[in-house]
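Asks: Predicted model and sequence follow; I will ask about them next.
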Amino acid sequence: MSGGIDSTVAAITLKDQGYDVVGVYMRNWDSSDEAGTETCQIEKDREDMLSVCDHIGIKSHIVDFSKDYWNDVFVPFIEAYETGLITPNPDVYCNRHIKYDRFLCLKDPSM
């Protein structure tokens, strides 16, 4: 859950339909690895998500996949790009390795 309008409306809709809804924020980037000014709004997104979950009355959890993202998404993206043979899509790597592997395999989102 990002705290943006799409995930908020989805959470409210599911809650209104009687589902047990939990907001989970995936931290996929470590902005401390960046030099200079912070370009990602990671902390603001996290705070927005926590605020939305509190406002609509659902539990919230934060999971940190930043090392997995670096190793399984970012590095392969850079390596593929540097070959010049393809224009890689990091979203495909993220879906395959983070969202549909590590995230869906969580037994307890608070881990």
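Replies: Happy to help now that I have it.

Asks: Name the residue closest to the centre of the protein, please.
Replies: Met26 (3.2 Å; C-alpha atoms, centre = their mean).

Asks: Let me know the helix or strand that that one is in.
Replies: strand 22-27 (DSSP states H and E).

Asks: List the neighbouring strands of that strand plus their orientation.
Replies: strand 59-64 (parallel) (DSSP bridges).

Asks: In the partner strand, which residues are buried?
Replies: Ser60, His61, Val63 (16 or more other C-beta atoms under 10 Å). Bear in mind the C-beta positions are built from the backbone N, C-alpha and C, glycine included.

Asks: what's the neighbour count on Gly23?
Replies: 22 (other C-beta atoms under 10 Å).

Asks: Would you quantify the distance from it to Pro76?
Replies: With distances taken as C-beta to C-beta, to the nearest Å, Gly23 is found 29 Å from Pro76.

Asks: what stretches of the chain score poorly on pLDDT?
Replies: 32-40, 108-111 (pLDDT under 70).

Asks: the helices in this structure, which residues?
Replies: 5-16, 42-56, 66-69, 75-83, 90-94 (DSSP state H).

Asks: can you redo those as JSON lines with mean neighbour count?
Replies: Below are those laid out as JSON lines (neighbours: other C-beta atoms under 10 Å):
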{"stretch": "helix 5-16", "mean neighbour count": "13"}
{"stretch": "helix 42-56", "mean neighbour count": "16"}
{"stretch": "helix 66-69", "mean neighbour count": "17"}
{"stretch": "helix 75-83", "mean neighbour count": "12"}
{"stretch": "helix 90-94", "mean neighbour count": "15"}
